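Undergrad: compute the structure for the input listed below.
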Amino acid sequence: MPPNSLPEHPGFDSQGNSVWTYIMSAEKWADTTKTSPAAKFSNDLIGVRVLGFLIKDLWDHCDQHTHFRAGYQSLLRDVTKVASQPSGSVGSPQDTEEICKNICKLGLWYRNHLFRFGQIQVLRHGIPSILLTLLSKS
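TA: Numbering: from 1, shown residues only. Below is the predicted model:
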């Protein structure tokens, strides 16, 4: 398994395992699709990995709180929704590529929202002192 790639068998429930096949297909597609270096903020591989690791992290913590289970199930519904909206003939290579693109876009959408959440936390609580220390040394 290459560094930062998603695990092939994360041990989800049956619904998670069926959605994971879409995630793995999208990761493989994004890894083989060439992206220009200037596209670092819209990189499909980053999008699918953010989505995949977010699903995995929520699953790993489902037993700790019901909010994690609700988030996990919500992400599965979102992936299922974008994977079931093909435009071409079902099963065609174009259809598969579009599903992969849509999954990557969904991951980038979640990444953007996670960034916004992080910015709100910094604005609300100020920059943590450890970051101030690191910034002053550079």
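Undergrad: so what's the residue count around residue 80?
TA: 14 (other Cβ atoms under 10 Å). For the C-beta atoms, the positions are set from N, CA and C on the backbone; glycine is no exception.
Undergrad: buried sites along stretch 13-20?
TA: Within stretch 13-20, the residues that qualify as buried are 16, 19-20, counting by 16 or more other Cβ atoms under 10 Å.
Undergrad: what's next to it, contact-wise?
TA: 10, 12, 52, 55, 59, 72-73, 76, 79-80, 83 (Cβ atoms under 8 Å, 6 or more residues apart in numbering).
Undergrad: before we move on, the earlier item: dump the buried residues of stretch 13-20 to CSV, plus pLDDT and secondary structure.
TA: Shown next, in CSV, are the buried residues of stretch 13-20 (pLDDT from 0 to 100; DSSP: H, G, I helix; E, B strand; the rest coil):
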residue, pLDDT, secondary structure
16, 89, helix
19, 92, helix
20, 92, helix
